[in-house]
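Colleague: 3D, please:
(2 chains)
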2 protein chains.
Amino acid sequence: MQGVLNIPAELEGVQGVLAEAFPGVIEIFERQLVSDLPPVDEMCRYIERYRGKMLRPTLVLLCGIASRDEHGAMIESGRSESLCSRAHQVCGAVCEMVHMATLVHDDVLDEAEIRRRGQTLNMLHGNETSVILGDYLIASAYELCSSLDSPVPSRIVGNASAVMCTGELLQLHHRNNHSLDEATYLEILDRKTAALIGAACELGALCTMGFDQREHPVVQALLSYGKAMGIAFQIQDDVLDLMGSEEQVGKSVGKDLEKGKLTYPLIHHLSQADGEQTLRSIELVRLAEGHDRSGVPELIEAIRGTGSIEATQSLAASYVEKAKGALIELPESPGRRMLELMADAVIRRSY
Amino acid sequence: MQGVLNIPAELEGVQGVLAEAFPGVIEIFERQLVSDLPPVDEMCRYIERYRGKMLRPTLVLLCGIASRDEHGAMIESGRSESLCSRAHQVCGAVCEMVHMATLVHDDVLDEAEIRRRGQTLNMLHGNETSVILGDYLIASAYELCSSLDSPVPSRIVGNASAVMCTGELLQLHHRNNHSLDEATYLEILDRKTAALIGAACELGALCTMGFDQREHPVVQALLSYGKAMGIAFQIQDDVLDLMGSEEQVGKSVGKDLEKGKLTYPLIHHLSQADGEQTLRSIELVRLAEGHDRSGVPELIEAIRGTGSIEATQSLAASYVEKAKGALIELPESPGRRMLELMADAVIRRSY
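Modeller: Purely as a prediction, here's the structure:
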């Protein structure tokens, strides 16, 4: 995420803490996936390229930093060494690994060919290997998570993963449902994306404050921050899938339309268009669902015509505000300011 | 498993303890999978029919009973109420849920149509739903496991699941490898089947003896018992896939040949046949890999001709002996005698 942030000078201390802690996250991640079987090991090395923005580990570390009052002072005085513990790094690696497992399975389900500007694993090794490798990543994430002394992180990660799956199942259930409503769309996002990003924030806070502090207002606030942030993030992802180019986004685009997944720009458009336009737009959607993209430019024009891009941006912005609003429970600190910047960046990104 | 056991009168007490504890396992299992989303809930109810022999929960409970000296006396005096704790029941439900997740994903990979005499989930709802539902089962199993006070069961289950995946990946790597050797075949079985059955036995023992007792000789013995039992079980499964009928076995058969998975009867046969027969047999295997089953009866005859069925049965029997041999670390008790009976039954079953 840090590529899209314009970091003001006063936050260079926090940047430094993150930069110091990140190699540990990567090392824990890579060591967990080392296998004594060369073909397994080789595939794990390959999918390490799927690590992109590292949003979830960044949030674990930042929420860990932001959840304690005295951390601000510690950062300002340059005493950063104890801000991120091994537990923060483990939780960061776990969240990224769970996320990566979902990417591998999503690519199978979406028949995607490109991810992070390279061929997807399913294209290289087939769907069967990809399904099992996704399972291996999930299992490895749980194994890593349970290396911590408390069962609480495993509970949080297990629950978030189960909720994510229910979100995916709900989305599949509503595939090709052209009258999907906003409430159901948001319910899907809340489950499939917000649950894990919320868990990352909660874990970061708990690693700092103690695993028995789930009810603490600061922990609850960071959980709310993460969930709202997750929804904003996914709305932006959905806009990029509809409007972005593969070159810009770095992965296959247009998959939502093709797979019959209605996202907010289209949901808003269909609710605002007149009868004739609605019929025409649904005709164009059906065309795309039949893998014919020739009507997509006309559809995008129609979506623009009902102001649905602005409406989507303003929906995403309202979740960014909600995320930042949750942070008022936290003491003012460089960590908190960085979290605010990240929330803003989520809807400005183009990849 | 109990259907195939001929239980002597002196073990009726153990039977009674299992019968008392089982409804709790089922209840925990079902409650964990309740979803507030009707389509998810409905699918979970559907796949509950996949619960068959309940081998893994039975082993958790039995190893729990067999791992303490005084349990024998307690059973004989009818004081059975405290033999199986909630932890045993939770671990039983967890192991069955992980196993069920692998069945759901295996059916997708094998394009299987029949499971437990009914249509598979992938046939009813498609591969995408099945992949995600398998993920949901795995996540739910981990969430349930982490409800215990200690992170040790989560470590064991996370590790066993990861090892299972490496076994599946190794098998996929050797697909259509007609010179697969016995050592690699056993390595695959050790990972893909024995790891979870071993974990079930270890968990049962630890629930009785305390989660800090992983190094205790009794726990180690039950782990060895479970791993050897798991290999014998899988060898028998492989024989049934080759020789059994769908009606008898209750699931799609002949999938191993079709999917290019060499199993022991064929590995032994190819190592024993003369040059001409080897070429002919590989020709027949290739035919089956191309979904043409017309050569299978001739292939089975050829496999019989090299004594490879007897060799397979004797390999399986050697693992049953190994499993029973591990039990000498345990005090003589009704629980231990029941474990011996179960080991014998594994290679006598025809479903």
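Colleague: Tell me the helix or strand right after the helix or strand of chain A with the lowest mean pLDDT.
Modeller: Taking mean pLDDT, DSSP states H and E as the measure, helix A:69-76 is the helix or strand of chain A with the lowest mean score, a mean of 62. Per DSSP states H and E, the first helix or strand lying C-terminal to helix A:69-76 is helix A:86-110.
Colleague: The longest helix seen in chain A: how far from the chain's middle?
Modeller: Using DSSP state H to define each element, chain A has its longest helix at helix A:217-243. Centroid separation for helix A:217-243 versus its chain: 8 Å, with CA atoms, centre = their mean, to the nearest Å.
Colleague: got the angle between it and helix A:86-110?
Modeller: Here helix A:217-243 runs at an angle of 30 degrees relative to helix A:86-110 (axes from the mean of the first three to the mean of the last three CA atoms, to 10 degrees).
Colleague: Alpha carbons of whichever helix or strand comes after helix A:217-243, in PDB - could you do that?
Modeller: Remark: after helix A:217-243, the chain's next helix or strand is helix A:246-249, criterion DSSP H and E. The C-alpha trace of helix A:246-249 is given here as PDB (Å, rounded to 0.1, in the frame of the first residue of the first chain):
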ATOM      1  CA  GLU A 246      -5.400  -5.500 -17.300                       C
ATOM      2  CA  GLU A 247      -2.100  -3.600 -17.800                       C
ATOM      3  CA  GLN A 248      -3.000  -1.100 -15.100                       C
ATOM      4  CA  VAL A 249      -4.500  -3.400 -12.500                       C
END
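Colleague: helices or strands up against helix A:246-249?
Modeller: For helix A:246-249, the contact count by 3 or more CB pairs under 8 Å, 6 or more residues apart in numbering or on different chains; DSSP states H and E identifies helix A:217-243 as packing neighbours. For glycine as for every other residue, the C-beta is placed from the backbone atoms N, C-alpha and C.
Colleague: and the helix it packs on, average pLDDT?
Modeller: Mean pLDDT, helix A:217-243: 95.
Colleague: Next, the buried residues of that helix.
Modeller: For helix A:217-243, a neighbour-count test (16 or more other CB atoms under 10 Å in any protein chain shown) marks A:218-243 as buried.
Colleague: Find the residue closest to residue A:91 in space, skipping its chain neighbours.
Modeller: Once flanking residues are discounted, residue A:91 sits nearest to residue A:203: 4.1 Å by CB to CB, 6 or more residues apart in numbering or on different chains.
Colleague: residue contacts, the one you found?
Modeller: A:60, A:63, A:91, A:94-95, A:153, A:156-157 (CB atoms under 8 Å, 6 or more residues apart in numbering or on different chains).
Colleague: Repeat that for residue A:311.
Modeller: Residues in contact with residue A:311 (CB under 8 Å, 6+ apart) are A:264-265, A:268.
Colleague: got CSV for these, with neighbour count too?
Modeller: Formatted as CSV, the contacts of residue A:311 follow (neighbours: other CB atoms under 10 Å in any protein chain shown):
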residue, neighbour count
A:264, 24
A:265, 27
A:268, 21
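Colleague: so which of those also contact chain B?
Modeller: Among the contacts of residue A:311, no residue is within reach of chain B (CB under 8 Å from any CB of the partner chain).
Colleague: which of those residues lies closest to chain B?
Modeller: Using CB to the nearest CB, the shortest approach to chain B within the contacts of residue A:311 belongs to residue A:264, at 20.3 Å.
Colleague: Could you count how many residues lie near the nearest residue to the closest one once chain neighbours are set aside?
Modeller: Distance criterion CB to CB, 6+ apart; nearest residue to residue A:264, sequence neighbours excluded, is residue A:312 at 4.8 Å. Neighbour count of residue A:312, defined by other CB atoms under 10 Å in any protein chain shown: 25.
Colleague: Give me the below-cutoff pLDDT ranges for chain A.
Modeller: Applying pLDDT under 70 to chain A picks out residues A:1-5, A:69-82, A:116-117, A:252, A:351.
Colleague: Residue A:14 touches residue A:339, doesn't it?
Modeller: No. Residue A:14 is not in contact with residue A:339 according to CB atoms under 8 Å; the separation is 9.6 Å.
Colleague: shared neighbours, those two?
Modeller: Both residue A:14 and residue A:339 are contacted by residue A:62, under the criterion CB under 8 Å, 6+ apart.
Colleague: circling back to that earlier point, and the contacts of residue A:311, which of them are in helices?
Modeller: Per DSSP H, these map to helices at A:264-265, A:268.
Colleague: For the most far-flung residue of chain A relative to its centre, what is the enclosing helix or strand?
Modeller: Farthest-out residue of chain A from its mean C-alpha position, per CA atoms, centre = their mean: residue A:276, at 36.7 Å. Taking DSSP H and E as the criterion, residue A:276 maps to helix A:275-289.
Colleague: Point out the other helices and strands that that helix packs with.
Modeller: Counting contacts by 3+ CB pairs under 8 Å, 6+ apart, helix A:275-289 is packed against helix A:255-258, helix A:264-272, helix A:296-305.
Colleague: starting at the chain centroid, how far to it?
Modeller: Mean C-alpha position of helix A:275-289 versus that of the full chain (CA atoms, centre = their mean) differs by 30 Å.
Colleague: got it, and stretch A:187-199?
Modeller: Its chain's C-alpha centre and that of stretch A:187-199 lie 8 Å apart, by CA atoms, centre = their mean.
Colleague: who touches that stretch?
Modeller: A:55-56, A:59, A:95, A:98-99, A:156-157, A:159-161, A:163-164, A:166-168, A:170-171, A:174, A:223-224, A:226-231, A:233-235, A:237.
Colleague: Could I have the CA atoms of stretch A:115-124 written out in CSV?
Modeller: Extracted in CSV, the C-alpha atoms of stretch A:115-124 (Å, rounded to 0.1, in the frame of the first residue of the first chain):
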residue,chain,number,x,y,z
ARG,A,115,-2.3,-12.4,-11.5
ARG,A,116,0.4,-9.8,-10.5
ARG,A,117,1.4,-9.6,-14.2
GLY,A,118,2.3,-13.3,-14.4
GLN,A,119,0.5,-16.5,-15.4
THR,A,120,-1.8,-17.8,-12.6
LEU,A,121,-1.0,-21.1,-11.0
ASN,A,122,-4.1,-22.8,-12.5
MET,A,123,-2.9,-21.9,-15.9
LEU,A,124,0.6,-23.3,-15.2
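Colleague: close to chain B, is that stretch?
Modeller: No. For stretch A:115-124 and chain B, the contact criterion (CB under 8 Å from any CB) is not met; the two come no nearer than 11.3 Å.
Colleague: correct me, but residue A:330 touches residue A:220?
Modeller: No. Residue A:330 is beyond contact range of residue A:220, at 10.9 Å (criterion: CB under 8 Å).
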